[in-house]
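**Student:** fold the following and give me the result.
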Amino acid sequence: MKKISEFLWPLIGLGAVVVSCYLLYGQLKTLSWVQLQAAFAAIPLHHFLLAAVSTLVAYAALAWYDRIALLHLGVRHIGWVFVSLCSFTTYALSHNIGASVFSGALVRYRAYTAKGLSAAQVAVLVALCSFTFGLGTLLLGGFCLVYDPHLLARLDTLLPSLLTNPTTARIVGFAMLGFVALYVLGSVLHFKPLTIRSFKVEYPRPGIMLRQLIAAPMELLGAAGIIYFALPDSLNPGFIPVLAIFLASFSVALASHAPGGLGVFELVFLAAMQINADDQKASVVAAVLIFRLFYLLLPFAVAIVVVLMFERSRLAGALSSRKGDADVPEPPLVAPGLKPQTIERRLENKAF
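**Tutor:** Model (predicted):
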């Protein structure tokens, strides 16, 4: 019998989409299609190109996530091209559909078991990639709050005044950086594993830790760069504020379990930009739509093609091996103990 949480989170995500879209409609109902077209036309061509380069940087860093996890596992026989395609497909699908619906663990299981990895190794790989992303968010988020503690005041319509207070914001920033520093010290000094309830973190080797501290910020900087280059100069508050707003919007969107953060991301981003005029809203909406196009929709379309080609090749291999009756049958897509949700739940009891 499935647990209630397996039905609850998708419902929460759907509810977040409905509520956010309703609130967005209230803010954008006076916006005309002509204004939106004008906002797109006002973006220079070289800004589109810079946004495209930022997308490539972000997805290259995501591929590095997988490579770092494989190095942590001691796996070196898988080539960069395969790792890049697997990582790209995983994130393109999970970013759009949502981890609660179509987990990245499933895509990675199908791909990496074909290269000889066990289900337990794939589980550790998924965990380390997720932790790397969280580490980057803490590092950049902490830096932004320490650098400019007034940034949280941009969310004063969504957060209580206690959290938007500059002193509180700076304390939160130092706490985030402190967690990262503890992780670094634990890796360098070989601390004992950190156990939080049933969750156990075993500090990786310093070489792995350093790679994480480079790859994670690089991915987030690239993703934030898409919106930064798409915003007009008159509304652009600078890269650090845009980065902070992006981190807050993306984090809330992930926490909402809304597929692709639809509506949630836009709602938080618009609120943090603190704009009122319709022409200004059109420019921000255009920038967010470009982010969705470059970072989410186009990769999603390519990922569908990659998955179909991969499954076609595996089917052809299975049919040819069945003729010879020499190879062991391929592992099933879903089997007892290998459902993606089960693999991810095992992470709580697995050391990285």
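
**Student:** find the nearest non-adjacent residue to residue 168, please.
**Tutor:** Once its chain neighbours are removed from consideration, residue 168 has its nearest residue in residue 162; the separation is 6.0 Å (C-beta to C-beta, 6 or more residues apart in numbering). (Each C-beta comes from the backbone N, C-alpha and C, glycine too.)

**Student:** which residues are in contact with whichever strand or helix holds that neighbour?
**Tutor:** Using DSSP states H and E, residue 162 maps to helix 161-164. Under the criterion C-beta atoms under 8 Å, 6 or more residues apart in numbering, residues 152-153, 155-156, 168-169, 172 lie in contact with helix 161-164.

**Student:** go again with 6 Å.
**Tutor:** With contacts defined as C-beta atoms under 6 Å, 6 or more residues apart in numbering, helix 161-164 is touched by 152-153, 156.

**Student:** now the residue nearest to residue 168: how far from residue 171?
**Tutor:** Note on residue 162: its distance to residue 171, by C-beta to C-beta, to the nearest Å, is 11 Å.

**Student:** neighbour count for these two, which is higher?
**Tutor:** residue 171 (14 against 8; other C-beta atoms under 10 Å).

**Student:** what helix or strand is the more buried one on?
**Tutor:** Element membership for residue 171, per DSSP H and E: helix 166-188.

**Student:** what distance separates the start and the end of stretch 252-263?
**Tutor:** Across its full length, stretch 252-263 reaches 11 Å end to end, with C-alpha to C-alpha, to the nearest Å as the criterion.

**Student:** what comes up buried for it?
**Tutor:** 252-254, 256-263 (16 or more other C-beta atoms under 10 Å).

**Student:** same list (these) but as JSON lines, adding distance to residue 69 and pLDDT.
**Tutor:** As requested, the buried residues of stretch 252-263 are exported to JSON lines (distance: C-beta to C-beta, whole Å; pLDDT from 0 to 100):
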{"residue": "252", "distance to residue 69": "26", "pLDDT": "88"}
{"residue": "253", "distance to residue 69": "24", "pLDDT": "86"}
{"residue": "254", "distance to residue 69": "19", "pLDDT": "84"}
{"residue": "256", "distance to residue 69": "26", "pLDDT": "79"}
{"residue": "257", "distance to residue 69": "24", "pLDDT": "75"}
{"residue": "258", "distance to residue 69": "26", "pLDDT": "76"}
{"residue": "259", "distance to residue 69": "25", "pLDDT": "75"}
{"residue": "260", "distance to residue 69": "24", "pLDDT": "74"}
{"residue": "261", "distance to residue 69": "24", "pLDDT": "78"}
{"residue": "262", "distance to residue 69": "28", "pLDDT": "80"}
{"residue": "263", "distance to residue 69": "32", "pLDDT": "79"}
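
**Student:** how about the strands of the stretch 151-300 of the chain, start to end?
**Tutor:** Defined through DSSP state E, counting those that start in this stretch, the strands belonging to the stretch 151-300 of the chain, from first to last, are 194-196, 199-201.

**Student:** rewinding a little: ok, of the contacts of helix 161-164, which come out buried?
**Tutor:** Members of those that pass the buried threshold by neighbour count (16+ other C-beta under 10 Å) are listed as 152-153.

**Student:** quick check, nearest of the contacts of helix 161-164 to residue 235?
**Tutor:** Of all those, residue 235 sits closest to residue 153, with 17.7 Å by C-beta to C-beta.

**Student:** nearest spatial neighbour of the closest one, chain-adjacent residues omitted?
**Tutor:** What sits nearest to residue 153 in space, not counting adjacent residues and going by C-beta to C-beta, 6+ apart, is residue 164, at 4.8 Å.

**Student:** what about the one you found, distance to residue 244?
**Tutor:** Using C-beta to C-beta, we find residue 164 at a distance of 13 Å from residue 244.

**Student:** same deal with residue 135?
**Tutor:** Counting by C-beta to C-beta, the gap between residue 135 and residue 244 amounts to 17 Å.

**Student:** where in the stretch 151-300 of the chain is pLDDT low?
**Tutor:** Within the stretch 151-300 of the chain, the stretches with pLDDT under 70 are 194-201.

**Student:** residue 35 reaches residue 280, doesn't it?
**Tutor:** No - with contacts defined as C-beta atoms under 6 Å, residue 35 does not count as touching residue 280, sitting 9.8 Å away.

**Student:** just to revisit the earlier point, please say which of residue 135 and residue 244 ends up with more neighbours.
**Tutor:** With neighbours defined as other C-beta under 10 Å, residue 135 and residue 244 compare such that residue 244 has more, 25 against 20.

**Student:** helix or strand: which one has the nearest residue to the more buried one once chain neighbours are set aside?
**Tutor:** Here the nearest residue to residue 244 in space, its sequence neighbours aside, is residue 144; by C-beta to C-beta, 6+ apart that works out to 4.0 Å. With secondary structure defined by DSSP H and E, residue 144 is part of helix 119-147.

**Student:** for that helix, which positions count as buried?
**Tutor:** With burial defined by 16+ other C-beta under 10 Å, the residues of helix 119-147 counted as buried are 119, 121-133, 135-146.
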